[in-house]
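Chemist: Coordinates for the following, if possible.
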Amino acid sequence: MKRTIALIFAACAATAANGEEIKLGVLLGFTGPIESLTPPMAWGAEQAIQEVSESGALLGGSTVTAVRGDSTCIDAAAATAAAERLVTSDKVSAIVGADCSGVTSAVLQNVARPNGIVMISPSATSPSLSTDDDDGLFFRTAPSDARQGQIMSDIIISRGIESVAVTYTNNDYGKGLADSFGAAYQAAGGAITIVSSHEDGKADYSAEIGALAAAGGEALVTIGYLDQGGRGIIQSALDTGAFDIFVLPDGMIGDSLIETFGDALDGSFGQHPGTDSNGAEIFADIASQQDFNGSGPFVGESYDAAALILLAMQSAGSSKSGDLKDHVFKVANAPGEMIQPGELGKALAIIANGGDVDYVGASDVELTGPGEAAGNYREFEIDNGQITTVTYR
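Modeler: Below is the predicted model of the structure:
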């Protein structure tokens, strides 16, 4: 088998001149409320693209180039315009992204479906995306917040917290996760004292904190964005002494959380998609060699999103979205040889030789019926001003 793969690599290299120049869109929030999370995510996607391109093993030696677009995370019109440019001007074959749920839905309906373009989001988690019409074009390597809400409830219950206040950013992501969590927590016997939305972009959140504090609760579930309203909510709560324990889901986790608050958040906790699989460890090593945090939120999922698109191209024998969309499940799930990060060239060779692959990747990929990740989560807590892993669920 090793000799066969080596021969295929040689053949691909020899015919590289006959390959295509493929472009893959990377549509993420380079500006906006998650801009501190985006550089590692973009690196993850572009690492997979570079790995495949340098292998010379894709579609007769085709090269792949990443083309970035700014989703802004929250501006649907701007995200749609960026996606239109990627498709009509840059002629991308498919898109890694978008990132936040609202802009992802807008791009799916206004750009991807009309143009027949595959999208694989590494981080859009709204439950509504599971049932949106997508013409078989939309996938996500992140799990739905229907699962995150249950996981968050389980963690809070396990810590003996019997009542919480909830604030959420007023968009698809915030509302979806708040609803999912609320149903799970109350079903488990927990009490929710208040559920209140907040708007991003405000300079002062004292009014919101006043209402939340008046309702009470042992902790404040803060469903928001790290670089926007969520940070403002926490700052106001700490300034007034309204809450000292915060429950932090995926949109609130990143290096700037500790840079801003340090040990003021000791005792707070939360979760984000993550796994302690062998693939995650391999990916973390690859990332650390380039000074990136491979265990950060949605970084592995971004690598996996790009990898799935490119492996599906090889399986389809075509870079066209209309052809590759029916091959995403085939390369993502069993049967087949398990593929880890750093093995994309090997996977392409196996597929070219008529074999099957089961792409495991950095996030332990397993796609369910709606085309989304089944979902693994890292539970963390903040201790001595550091984010530390508690366990994986």
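Chemist: out of everything not next to it in sequence, what's closest to residue 111?
Modeler: residue 83 (4.2 Å; Cβ to Cβ, 6 or more residues apart in numbering). Every C-beta, even on glycine, is put in place using the N, C-alpha and C of the backbone.
Chemist: Report the buried residues of the helix or strand containing the one you found.
Modeler: Assigned by DSSP states H and E, residue 83 belongs to helix 76-84. Residues of helix 76-84 classed as buried: 76, 78, 79, 80, 81, 82, 83, 84 (neighbour count, 16 or more other Cβ atoms under 10 Å).
Chemist: List of residues touching that helix?
Modeler: Outside helix 76-84, the residues within contact range by Cβ atoms under 8 Å, 6 or more residues apart in numbering are 25, 27, 69-72, 95, 98, 102-103, 106-107, 110-112.
Chemist: So which of those are in strands?
Modeler: Within the contacts of helix 76-84, residues falling in strands by DSSP state E are 25, 27, 69, 70, 95.
Chemist: Count the residues that sit near the third one.
Modeler: Neighbours of residue 69 under the rule other Cβ atoms under 10 Å: 25.
Chemist: ok, now which ones touch it?
Modeler: 25, 26, 27, 28, 82, 83, 85, 86, 97.
Chemist: With residue 23 instead?
Modeler: 64, 65, 66, 67, 90, 91, 92, 93.
Chemist: show me the contacts for residue 253.
Modeler: Contacts of residue 253 (Cβ under 8 Å, 6+ apart): 226, 270, 272, 296, 297, 380, 387.
Chemist: quick check, nearest of those residues to residue 57?
Modeler: Minimum distance to residue 57 across the contacts of residue 253 is 28.7 Å, recorded for residue 296 (Cβ to Cβ).
Chemist: What's the local residue count around that closest one?
Modeler: 24.
Chemist: Identify the spatial nearest neighbour of residue 283, chain neighbours not counted.
Modeler: residue 362 (3.7 Å).
Chemist: Check residue 29 too.
Modeler: residue 73 is the one closest to residue 29 (Cβ to Cβ, 6+ apart), at 3.5 Å.
Chemist: Next: residue 242.
Modeler: Nearest to residue 242 is residue 213, by Cβ to Cβ, 6+ apart, at 3.7 Å.
Chemist: would the one you found count as being in a helix?
Modeler: Yes: according to DSSP: H, G, I helix; E, B strand; the rest coil, the state of residue 213 is that of a helix.
Chemist: Touching, it and residue 243? I think so.
Modeler: Yes: contact criterion Cβ atoms under 8 Å: residue 213 and residue 243 qualify, at 7.2 Å.
Chemist: what is in contact with those two at once?
Modeler: 165, 237.
Chemist: And stretch 299-317, what's buried?
Modeler: Neighbour counts over stretch 299-317 (16+ other Cβ under 10 Å) mark 299-316 as buried.
Chemist: coming back round to it: how many residues are close by the residue nearest to residue 29?
Modeler: Residue 73: 32 neighbours (other Cβ under 10 Å).
Chemist: next one: residue 216
Modeler: 14.
Chemist: helix, strand or coil for the closest residue to it other than its chain neighbours?
Modeler: Excluding the flanking residues, the one nearest residue 216 by Cβ to Cβ, 6+ apart is residue 193, at 5.1 Å. Three-state call for residue 193 (three-state DSSP): strand.
Chemist: Tally up the residues packed near residue 193, please.
Modeler: Around residue 193 there are 16 residues (other Cβ under 10 Å).
Chemist: Over to the one 5 residues further on?
Modeler: Applying other Cβ under 10 Å, we find 23 residues neighbouring residue 198.
Chemist: How about residue 369?
Modeler: Residues near residue 369, counting by other Cβ under 10 Å: 7.
Chemist: got the phi/psi numbers for it?
Modeler: Main-chain dihedrals, residue 369, degrees, to the nearest 10: phi -50, psi -40.
Chemist: same check, this time on the one 10 residues further on
Modeler: Here the main-chain torsion angles of residue 379 (degrees, to the nearest 10) amount to phi -90, psi 130.
Chemist: give me the element the residue nearest to it when sequence neighbours are not counted is part of.
Modeler: Of all residues not flanking residue 379 in the chain, residue 390 sits nearest, at 4.4 Å (Cβ to Cβ, 6+ apart). In this structure, residue 390 sits in strand 386-392 according to DSSP H and E.
Chemist: The closest residue in space to residue 201 that isn't next to it in sequence and residue 237: what is the separation?
Modeler: Excluding its sequence neighbours, the residue lying closest to residue 201 (Cβ to Cβ, 6+ apart) is residue 228, at 6.7 Å. Per Cβ to Cβ, to the nearest Å, residue 228 is found 15 Å from residue 237.
Chemist: Same question for residue 181.
Modeler: When residue 181 is compared with residue 237 (using Cβ to Cβ), they lie 18 Å apart.
Chemist: Could you pull out the strands in the stretch 201-350 of the chain for me?
Modeler: 219-223, 246-248, 269-273, 337-339 (DSSP state E, counting those that start in this stretch).
Chemist: Tally up the residues packed near the closest residue to residue 237 other than its chain neighbours, please.
Modeler: Spatially, and ignoring its direct neighbours in sequence, residue 237 is nearest to residue 243 (4.5 Å; Cβ to Cβ, 6+ apart). For residue 243, the neighbour count with other Cβ under 10 Å is 24.
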